[in-house]
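Enquirer: generate a structure from the sequence data that follows.
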Amino acid sequence: MRKTTKSLIAVTCAAAALAAAGCGTTSENTGKVQAQDPTQHCKGPDGKYTIGMSQANLAEPYRVRMDDDIRKAAEKVPQFEVQFSDAAKDNSKQISDVENFLTKQVDLLMISPNEAAPLTDVVKKAYNKGIPVVVLDRKVDGDAYTTYIGADNVQIGRQAGEYFKSTLLPEGGKIVQIKGLSGSTPAAEREKGFKEGIQGSQIEIVATADGEWERSIGQQKMDALLKANPDIKAVYAQNDPMAEGAYLAAQAAGRNDLKFVGIDGLPIPSGGIKAVEDGRLQATNLYPTGGAEAVEAAKKLLIDCQPVDKAQTLQTALVTKENAAEVYARLNQG
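Expert: From the prediction side, this is the model:
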């Protein structure tokens, strides 16, 4: 009788595991990536869907714009309700935010991770539960997500580097770099691309500081960089707010000779394109938020019952004084 009972328990546990219900053997618990039909939550146009959007922080204007773009696009899809969370640059809070969305049983998760490694497991957990996952801008490790939407950060960095080499400092010179948050994937990728872009030139990166993607921190770091490196000619900042912060520090130090290049190119009055138009920055590089594309991906998966590409690469462009007004107007059409 004891043997029979044990056998029944074993069979029951095995069946439960196959149904992803537990017993410590599911892919969710072992860390393996479970094969997923990304359209399994699709109920067609008659369904109602809750989407959870986990944002890394709202200290960066870029992330505020991303949420706004998602909100605006979702308003055109009456079947969608989007709930937003702000991790405030805290990995633990973002993990908790995602767990909260899982408890609420959202139909789809959107996430722009604060840092890759700390957020990987909870994103995998969501994916292994069968929830479609749209990763925006910053990546996680591995491939436990439905689609990644973002521009090619290596290409953007290379584009910036080539502008330095061909136009900004064709004779070479010493520069400093202000990076984004070290654990976020764009920081490493934009640095890699930039170094590729300046290869073969006489441009030398003499110092690098982590500005954490924020204007105020970029300003603080630039003040210290200037004191340690008074002979620099230019600044490569990995986003526009840090470039603007560096510009303010240079102005305070009486360094009106320095040149500044950023990334993002937000088409808003306080964004990088206007900073180029006004002459504070020499150039910026467009980095679309992907908000509208994320909502379109959700619509395909949940309403149209169609798969989406594993990676969706958004297009960039170099913005200088010559084309800033045209680009600003084009991006604000409609």
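Enquirer: how about the strands in the stretch 101-250 of the chain?
Expert: With DSSP state E, counting those that start in this stretch as the definition, the stretch 101-250 of the chain shows strands at residue ranges 108-111, 133-136, 147-151, 173-179, 203-210, 234-237.
Enquirer: JSON lines for those, including mean neighbour count and mean pLDDT?
Expert: For the C-beta atoms, the positions are set from N, CA and C on the backbone; glycine is no exception. Below are those laid out as JSON lines (neighbours: other Cβ atoms under 10 Å; pLDDT from 0 to 100):
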{"stretch": "strand 108-111", "mean neighbour count": "27", "mean pLDDT": "98"}
{"stretch": "strand 133-136", "mean neighbour count": "26", "mean pLDDT": "98"}
{"stretch": "strand 147-151", "mean neighbour count": "22", "mean pLDDT": "97"}
{"stretch": "strand 173-179", "mean neighbour count": "22", "mean pLDDT": "98"}
{"stretch": "strand 203-210", "mean neighbour count": "17", "mean pLDDT": "98"}
{"stretch": "strand 234-237", "mean neighbour count": "28", "mean pLDDT": "98"}
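Enquirer: now tabulate those in a markdown table and tack on distance to residue 286.
Expert: Formatted as a markdown table, the entries for the strands of the stretch 101-250 of the chain read as follows, by distance: least, Cβ to Cβ, whole Å:
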| stretch | distance to residue 286 |
| --- | --- |
| strand 108-111 | 21 |
| strand 133-136 | 16 |
| strand 147-151 | 8 |
| strand 173-179 | 19 |
| strand 203-210 | 22 |
| strand 234-237 | 15 |
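Enquirer: what's the closest of those to residue 317?
Expert: Nearest to residue 317 among the strands of the stretch 101-250 of the chain is strand 147-151; the distance by Cβ to Cβ comes to 10.0 Å.
Enquirer: the closest one: how far from the chain's middle?
Expert: From the chain centre to the centre of strand 147-151 is a distance of 8 Å (Cα atoms, centre = their mean, to the nearest Å).
Enquirer: what do you get for stretch 280-287?
Expert: On the basis of Cα atoms, centre = their mean, the separation between the geometric centre of stretch 280-287 and that of its chain is 18 Å.
Enquirer: ok, back up a step: so which of the strands of the stretch 101-250 of the chain is nearest residue 223?
Expert: When those are compared by Cβ to Cβ, strand 203-210 sits nearest residue 223, at 10.2 Å.
Enquirer: name the helices or strands packed onto that closest one?
Expert: Strand 203-210 sits against strand 173-179, helix 185-197, helix 215-228, with contacts defined as 3 or more Cβ pairs under 8 Å, 6 or more residues apart in numbering; DSSP states H and E.
Enquirer: quick check, central residue of the chain?
Expert: Centrality entry for the chain: nearest residue to the mean C-alpha point is residue 137, 2.3 Å, by Cα atoms, centre = their mean.
Enquirer: follow-up on the earlier one: could I get the helices and strands packed on strand 203-210 as JSON lines with distance to residue 112?
Expert: Formatted as JSON lines, the entries for the helices and strands packed on strand 203-210 read as follows, by distance: least, Cβ to Cβ, whole Å:
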{"stretch": "strand 173-179", "distance to residue 112": "18"}
{"stretch": "helix 185-197", "distance to residue 112": "10"}
{"stretch": "helix 215-228", "distance to residue 112": "19"}
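Enquirer: so which of the ones you listed gets nearest residue 118?
Expert: Closest to residue 118 of those, according to Cβ to Cβ: helix 185-197, at 12.4 Å.
Enquirer: contacts for that closest one next, please.
Expert: Residues from elsewhere that reach helix 185-197 (Cβ atoms under 8 Å, 6 or more residues apart in numbering): 116, 137-139, 153-165, 177, 179-181, 205, 208, 210, 236, 238, 263.
Enquirer: next: stretch 79-90.
Expert: Contacts of stretch 79-90 with the rest of the structure, by Cβ under 8 Å, 6+ apart, involve 45, 47-59, 67, 70-71, 74, 93-94, 97, 100-101, 104, 106, 110, 114, 181, 212, 295, 298-299, 302-303.
Enquirer: that one: which residues count as buried?
Expert: Residues 79-80, 82, 85-87, 89 are the ones in stretch 79-90 that count as buried (16 or more other Cβ atoms under 10 Å).
Enquirer: would you mind measuring from residue 76 to residue 54?
Expert: As judged by Cβ to Cβ, to the nearest Å, residue 76 and residue 54 stand 22 Å apart.
Enquirer: which one of these two has more residues nearby?
Expert: Regarding residue 76 and residue 54, a neighbour count based on other Cβ atoms under 10 Å identifies residue 54 as having more, with 28 against 10.
Enquirer: adjacent strands (with direction) for the helix or strand containing that one?
Expert: For residue 54, the host element (DSSP states H and E) is strand 49-55. In the sheet containing strand 49-55, the strands it pairs with under DSSP bridges are strand 80-86 (parallel), strand 108-111 (parallel).
Enquirer: mean confidence for that strand?
Expert: Strand 49-55 shows a mean pLDDT of 98.
Enquirer: and whatever helix or strand comes next after that strand, C-alpha only, in PDB?
Expert: Next along the chain after strand 49-55, taking DSSP H and E as the criterion, comes helix 61-74. Extracted in PDB, the C-alpha atoms of helix 61-74 (Å, rounded to 0.1, in the frame of the first residue of the first chain):
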ATOM      1  CA  PRO A  61      13.700  62.600 -19.800                       C
ATOM      2  CA  TYR A  62      14.100  59.700 -22.300                       C
ATOM      3  CA  ARG A  63      12.300  57.300 -20.000                       C
ATOM      4  CA  VAL A  64       9.500  59.800 -19.300                       C
ATOM      5  CA  ARG A  65       9.100  60.100 -23.100                       C
ATOM      6  CA  MET A  66       9.100  56.300 -23.500                       C
ATOM      7  CA  ASP A  67       6.200  55.900 -21.000                       C
ATOM      8  CA  ASP A  68       4.400  58.800 -22.800                       C
ATOM      9  CA  ASP A  69       4.900  57.200 -26.100                       C
ATOM     10  CA  ILE A  70       3.500  53.900 -24.800                       C
ATOM     11  CA  ARG A  71       0.600  55.600 -23.200                       C
ATOM     12  CA  LYS A  72      -0.200  57.600 -26.300                       C
ATOM     13  CA  ALA A  73      -0.100  54.500 -28.600                       C
ATOM     14  CA  ALA A  74      -2.100  52.400 -26.100                       C
END
